[in-house]
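Asks: give me coordinates for this.
(one chain, ligands or ions: 1)
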Amino acid sequence: MPVLVRPDSMERITAPALAEKFIAEQIADIRAQVGDKKVLLALSGGVDSSVVAALLIKAIGRQLVCVHVNHGLLRKGEPEQVIRVFKDEMDANLIYVDAADRFLDKLAGVSDPETKRKIIGNEFIEVFAEEARKLEDIEFLAQGTIWPDILESERGIKAHHNAGGLPDDLKFELVEPVRILFKDEVRIVGKALGLPDNMVFRQPFPGPGLGVRCLGAITRDRLEAVRESDAILREEFAGAGLAGKVWQYFTIVPDFKSVGIKDGRRCDEWPVILRAVNTRDAMTATVEPVPFELLQKITDRITHEVRGVNRVLYDLTPKPTGTIEWE
Ligand code: XMP
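Replies: Numbers count the residues shown, from 1 in each chain. Now for the predicted structure:
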């Protein structure tokens with residue numbers, strides 16, 4: 001197995017000046033690689049693909065075609081932010097695909113977590129491939145591959161296939177401008193490119209999105225409860241100064257109800273489970289000791305503002321024995 005090393009000249013990017021140097025080098029390399037040809041990018045709004053988009057826009061402007069697939073499992077405000085930052089502010093050539101119904105129809109009645117993940121992954125490739133086939137003269141595919149992806153695929157831990165999985169009729173040359181960067185370096189480069197902090201420093205978010213937090217078979221009303229309660233949790237964490245401090249925090253809505261009381265009447269509604277953990281590498285995790293008053297405030301808001309929810313629980317389980325996600 002070849003020993004992988006970053007290029008000797010590669011100084012660790014720790015400050016804006018080094019990021020600027022990296023950006024200037026990459027712009028020259030990208031222009032040399034793609035010339036006047038078009039490049040396609042699946043832009044999720046995550047850190048890596050956003051930084052790649054911003055770099056390519058700087059290098060080749062509207063020769064970059066970004067496709068943002070909304071699979072209906074994104075967090076509240078995410079698709080809007082992608083459109084605002086890239087289309088409105090950076091004048092990106094952005095195709096927005098609202099595929100929420102397609103994904104949710106395919107997922108209807110499916111309760112097995114791995115089957116849900118497979119459906120979401122396959123459908124994503126399908127939608128992206130359909131968009132790619134509509135376009136003409138695309139010769140390159142940009143990807144937000146980063147150095148740990150390369151190392152992990154080399155060691156057989158993870159298939160390095162952001163692009164992989166595309167059908168055989170779609171063959172592109174790859175453009176991977178952040179492939180020699182670690183995540184912290186990608187963030188510094190993203191900041192230097194002018195991306196907003198809540199995009200550059202955002203917490204990890206799984207590819208299947210809210211789909212694995214709407215436990216069991218996804219229904220639209222329960223998915224809405226996940227999305228709305230997650231938005232409240234994020235808002236309250238940001239207000240309390242926890243947003244940049246806690247590694248990952250989110251809500252889960254299980255597929256059972258319990259009896260409660262609202263407006264003097266008994267009601268059968270869902271509970272919302274809060275999860276907030278800290279970790280280095282996601283292999284083990286500890287639970288954030290969220291102040292009790294804040295938990296009470298979040299509970300009050302969620303039970304009053306989120307339709308169909310009558311209880312809030314806080315998950316006190318470290319990893320192990322719990323995983324970070326619930327499925
Ligand atoms: P677990 O639940 O295994 O999660 O303790 C560890 C980290 O991985 C994330 N995660 C995923 N990310 N696709 C992803 O891209 C997935 O299917 C997936 N499942 C879990 C999880 O959010 C946590 O950061």
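
Asks: got the residues of this protein near the ligand?
Replies: Contact residues (C-beta under 6 Å from any ligand atom) of the chain with the ligand: 117, 204, 206-208, 248, 282, 319, 323-325. Bear in mind the C-beta positions are built from the backbone N, C-alpha and C, glycine included.

Asks: most neighbours, which of these?
Replies: Pro208 (22 neighbours; other C-beta atoms under 10 Å).

Asks: could you double-check that that residue lies in contact with Arg117?
Replies: Yes: contact criterion C-beta atoms under 8 Å: Pro208 and Arg117 qualify, at 5.0 Å.

Asks: picking that back up, next step: the residues of the chain next to the ligand restricted to helices.
Replies: Among those, the residues falling in helices (DSSP state H) are Arg117.

Asks: now, which of the residues of the chain next to the ligand lie within strands?
Replies: Mapping the residues of the chain next to the ligand onto strands (DSSP state E) picks out Gln248.

Asks: reformat the residues of the chain next to the ligand as CSV; add pLDDT.
Replies: As requested, the residues of the chain next to the ligand are exported to CSV (pLDDT from 0 to 100):
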residue, pLDDT
Arg117, 98
Pro204, 96
Pro206, 97
Gly207, 95
Pro208, 97
Gln248, 98
Ala282, 95
Lys319, 98
Thr323, 98
Ile324, 98
Glu325, 98
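
Asks: now tabulate the residues of the chain next to the ligand in TSV and tack on distance to Lys76.
Replies: Formatted as TSV, the residues of the chain next to the ligand follow (distance: C-beta to C-beta, whole Å):
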residue	distance to Lys76
Arg117	22
Pro204	17
Pro206	16
Gly207	18
Pro208	17
Gln248	17
Ala282	24
Lys319	26
Thr323	24
Ile324	20
Glu325	19
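
Asks: show me which of the residues of the chain next to the ligand is closest to Ile30.
Replies: Ile30 lies nearest to Gly207 out of those, by C-beta to C-beta, at 25.6 Å.

Asks: strands along the stretch 201-327 of the chain, start to end?
Replies: 248-252, 258-262, 265-278, 286-287, 309-314 (DSSP state E, counting those that start in this stretch).

Asks: so what does the third one touch, helix or strand wise?
Replies: Right, strand 265-278. Contacts defined by 3 or more C-beta pairs under 8 Å, 6 or more residues apart in numbering; DSSP states H and E place strand 265-278 against helix 220-239, strand 248-252, strand 258-262, strand 286-287, helix 292-305, strand 309-314.

Asks: in it, which residues are buried?
Replies: Neighbour-count burial for strand 265-278 flags 269-277 (criterion: 16 or more other C-beta atoms under 10 Å).

Asks: sorry, back to before: minimum distance to Glu235: which of the strands of the stretch 201-327 of the chain has it?
Replies: Short answer: strand 248-252, nearest of those by C-beta to C-beta, at 11.5 Å.

Asks: so what does the closest one touch, helix or strand wise?
Replies: With contacts defined as 3+ C-beta pairs under 8 Å, 6+ apart, strand 248-252 has these neighbours: helix 220-239, strand 265-278.

Asks: what's the distance between the closest residue to Glu11 other than its chain neighbours and the ligand?
Replies: Excluding the flanking residues, the one nearest Glu11 by C-beta to C-beta, 6 or more residues apart in numbering is Leu18, at 6.2 Å. With distances taken as C-beta to the nearest ligand atom, to the nearest Å, Leu18 is found 28 Å from the ligand.

Asks: give me phi/psi at Leu18?
Replies: phi -70, psi -30 (degrees, to the nearest 10).

Asks: burial measure for it, as a count.
Replies: Other residues near Leu18 come to 16 when the count uses other C-beta under 10 Å.

Asks: Val82 too?
Replies: For Val82, the number of neighbouring residues by other C-beta under 10 Å comes to 25.

Asks: for Val287, list each beta-bridge partner.
Replies: Beta-bridge pairing for Val287 (DSSP bridges): Val277.

Asks: check contacts around it.
Replies: Contacts for Val287 were tallied using C-beta atoms under 8 Å, 6 or more residues apart in numbering; they are 276-278, 315-318.

Asks: format the residues you listed as JSON lines; extra columns: pLDDT.
Replies: JSON lines is the format used below for these (pLDDT from 0 to 100):
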{"residue": "Ala276", "pLDDT": "99"}
{"residue": "Val277", "pLDDT": "98"}
{"residue": "Asn278", "pLDDT": "98"}
{"residue": "Asp315", "pLDDT": "99"}
{"residue": "Leu316", "pLDDT": "98"}
{"residue": "Thr317", "pLDDT": "98"}
{"residue": "Pro318", "pLDDT": "98"}
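
Asks: list the contacts of the helix or strand containing Gln81.
Replies: Using DSSP states H and E, Gln81 falls within helix 78-82. With contact meaning C-beta under 8 Å, 6+ apart, helix 78-82 is reached by 43, 45, 50, 68, 70, 94, 96, 98, 196, 198-199.
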